[in-house]
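[1] this is a predicted model, with the sequence first.
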Amino acid sequence: MEGGGAGRFLADWIVDGSPPMDALAIDPRRFGNYADRDYRIDKAVEGFGLQFGIHYPNEEREAGRPRRTTPALELQRSQGAVLGAAYGWERPNWFAAKGADHDPPLTFRKPGWFDAVRGDCRDVQASVGAIDLSAFSKFEIGGPGASAFMASLGANRPPERHGRIGLIHALTAKGGVASEFTVTRLGDDGFYLTSAALAERHDEGLLRSRAAAFPGVTIDNVTERRGVLGVMGPRARDLLQKICEADLSNAAFPWLSAQIIRVAGIKTAALRVSYAGEFGWELHVQLAQFGKLYEAITKAGAQFDLRPFGIYALNAMRLEKGYRAWGADLTTERTPLEAGLGALVKTDNRMFVGREAMLERVGENAWSMLLLEIDDDGERLPFYAHAVMQAGRPVGIVSSGSHGFRTGKTVALAYLRPGVAAEGLTVSILGRELTARELKKAPYDPDNLRLRGLQADAPAAFMPA
């Protein structure tokens, strides 16, 4: 059925040396080793049966599951977790209240989990929440050439000091974003990298191919050996301090730093980062210890009204901060400069793959990403691929969107074509044009006071009725 289009795509790839457009949707690396013969048969039957079905946003398909699980799965189920699959991993999408419908009808309009996710976001904002992030791809980089390799990996420099955390975007030869890595420096020649769940095989291949030019570099994929628990919210320190003897003060453990500590007696790599835009930590432990850690955090968090939350809440919160997501907002078709990530691009006295091609795509040749606030009509929410309109013609496309439950704003990230001014915009959602305005700053904590631990209490303006 798709032979003609697939043939042209492959031919262009062979001739040009790179895909003619972002290939993630058809890249075989979007599956890992969990996709054995039984899985492939189950998915083939399921896919054939749904070939001409209606495909909804946030749709989960059950065939072939589960494949990868953590020791906390049963406890999460007892908490009301509604699970989704990410690169074979079972992880909570959201949490349903006792007696609530765990399987609301699929829809293109306001979903049945809307109110539950609103509660998750506001509870995390007001107190503390815990989220299972074990599906992250995880790699350890070492060896005598590791520092030189990491310095060449992407558009940003790696952290210089031990225990510091940074963000690096590896580029394609054409300057687009190939991968995004959170990088923690462990030592002179030691680094710990995390990236998107769906990127595990893709990113391992990229790292190994580019490290080949640096003798002595070792790359260890530790994805299946590590679990990650995010503890986020203004009471995160209070909770962790109950079961941890390390000094977690701002002075001893600042934002964007990492330490090896013990939490509930478990050796933990604690990273003070938060994709939710709240004060907190990611706790990285051996996967075998993850269930014990999750149980200890749940027990200690009871006095702080700890709320387990899932990926849907995290997605809404990251959009309120304007944080980009790999595979949606960041693709091989756009450079980090077009994506508005200029602060993470360091080109002086450096060479890296895609540098020159990226710099050629500036000014009148560049698309531009902006954060939009979209008028909420009470039933239509942005998700992806909606047309951005201006004076009756399409001028851009939404890459991701959601309702922001902490701010009360419906927000979306979108790309505009070269030369288009961010004025008079609408977003076309389900046949209706909704007015959209550019947000010059993130609508939630634009100065990162909460992330830095400088503002413990949420201002009333952050908590609309």
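    Nice, I can see it.
[2] all strands in the stretch 151-300 of the chain, in order from the N-terminus.
    Counting by DSSP state E, counting those that start in this stretch, the stretch 151-300 of the chain has strands at residues 165-171, 177-187, 190-195, 218-221, 226-232, 258-263, 266-271, 280-286.
[3] paired strands for the shortest one, with orientation please.
    Partner strands for strand 218-221, per DSSP bridges, with pairing direction: strand 137-142 (antiparallel).
[4] buried residues, the partner strand. List them.
    Neighbour counts over strand 137-142 (16 or more other C-beta atoms under 10 Å) mark 137-142 as buried. In this view, the C-beta of every residue, glycine as well, is placed from N, C-alpha and C.
[5] please apply the same query to stretch 59-73.
    By 16+ other C-beta under 10 Å, the buried positions in stretch 59-73 come out as 64-65, 67-73.
[6] ok, stretch 428-438 next?
    Neighbour-count burial for stretch 428-438 [16+ other C-beta under 10 Å]: 429, 434, 436-437.
[7] between these, which is nearest His169?
    The nearest member of the buried residues of stretch 428-438 to His169, counting by C-beta to C-beta, is Ala436 at 26.4 Å.
[8] the strands of the stretch 151-300 of the chain: which one's closest to Thr331?
    So among the strands of the stretch 151-300 of the chain, strand 177-187 is nearest, using C-beta to C-beta, at 6.4 Å.
[9] sheet partners, orientation included, of the closest one?
    strand 165-171 (antiparallel), strand 190-195 (antiparallel).
[10] using PDB, write down the CA coordinates of the longest one.
    Once non-C-alpha atoms are left out, strand 165-171 reads as follows in PDB (Å, rounded to 0.1, in the frame of the first residue of the first chain):
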ATOM      1  CA  ILE A 165      24.300  19.000  34.800                       C
ATOM      2  CA  GLY A 166      23.800  20.400  31.300                       C
ATOM      3  CA  LEU A 167      21.800  19.800  28.100                       C
ATOM      4  CA  ILE A 168      23.400  18.900  24.700                       C
ATOM      5  CA  HIS A 169      21.700  18.600  21.300                       C
ATOM      6  CA  ALA A 170      23.500  16.300  18.800                       C
ATOM      7  CA  LEU A 171      22.800  17.500  15.300                       C
END
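[11] buried ones in it?
    For strand 165-171, burial by neighbour count (16+ other C-beta under 10 Å) applies to 165-171.
[12] re earlier: reformat the strands paired with strand 177-187 as JSON lines; add distance to Val345.
    Formatted as JSON lines, the strands paired with strand 177-187 follow (distance: least, C-beta to C-beta, whole Å):
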{"stretch": "strand 165-171", "distance to Val345": "8"}
{"stretch": "strand 190-195", "distance to Val345": "18"}
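[13] quick one: mean pLDDT over stretch 128-140.
    The average of the pLDDT scores along stretch 128-140 is 98.
[14] could you do stretch 175-195 as well?
    Average pLDDT, stretch 175-195: 97.
[15] same question, stretch 342-359
    Stretch 342-359 carries an average pLDDT of 97.
[16] okay, how far is it across it, tip to tip?
    Its start and end residues considered, stretch 342-359 measures 11 Å (C-alpha to C-alpha, to the nearest Å).
[17] buried residues of it, list them for me.
    Of the residues in stretch 342-359, 344-345, 352-355, 358 count as buried by neighbour count, 16+ other C-beta under 10 Å.
[18] ok, which pair from the residues you listed is furthest apart?
    Maximum pairwise distance among those (C-beta to C-beta): 15.8 Å, between Leu344 and Val353.
[19] that older thread, tell me the one of the buried residues of stretch 59-73 nearest Phe405?
    Nearest to Phe405 out of these is Ala72 (C-beta to C-beta; 24.7 Å).
[20] now do the phi/psi pair for that closest one.
    With angles defined as degrees, to the nearest 10, Ala72 sits at phi -90, psi 0.
[21] in the stretch 101-250 of the chain, which spans are helices?
    Under the criterion DSSP state H, counting those that start in this stretch, the stretch 101-250 of the chain carries helices at the ranges 114-126, 146-152, 200-211, 236-242.
[22] any chance of the ones you listed in CSV with distance to Ala339 as columns?
    Shown next, in CSV, are the helices of the stretch 101-250 of the chain (distance: least, C-beta to C-beta, whole Å):
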stretch, distance to Ala339
helix 114-126, 25
helix 146-152, 21
helix 200-211, 18
helix 236-242, 29
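[23] looking at the ones you listed, which is closest to Gly404?
    helix 114-126 (8.2 Å).
[24] and for the closest one, what are the contacting residues?
    Helix 114-126 has contacts (C-beta atoms under 8 Å, 6 or more residues apart in numbering) with 94-97, 100, 129, 232-234, 276, 278, 305, 307, 309-310, 312-313, 316-317, 403, 405-406, 458, 462-463.
[25] again with stretch 333-341
    By C-beta under 8 Å, 6+ apart, the residues outside stretch 333-341 that reach it are 21-22, 155, 169, 171, 175-177, 324, 329-330, 342, 344-345, 354, 357-358, 361-362, 366-370, 415.
[26] could you list which of those residues belong to strands?
    Judged by DSSP state E, the contacts of stretch 333-341 include 169, 171, 177, 368-370, 415 as members of strands.
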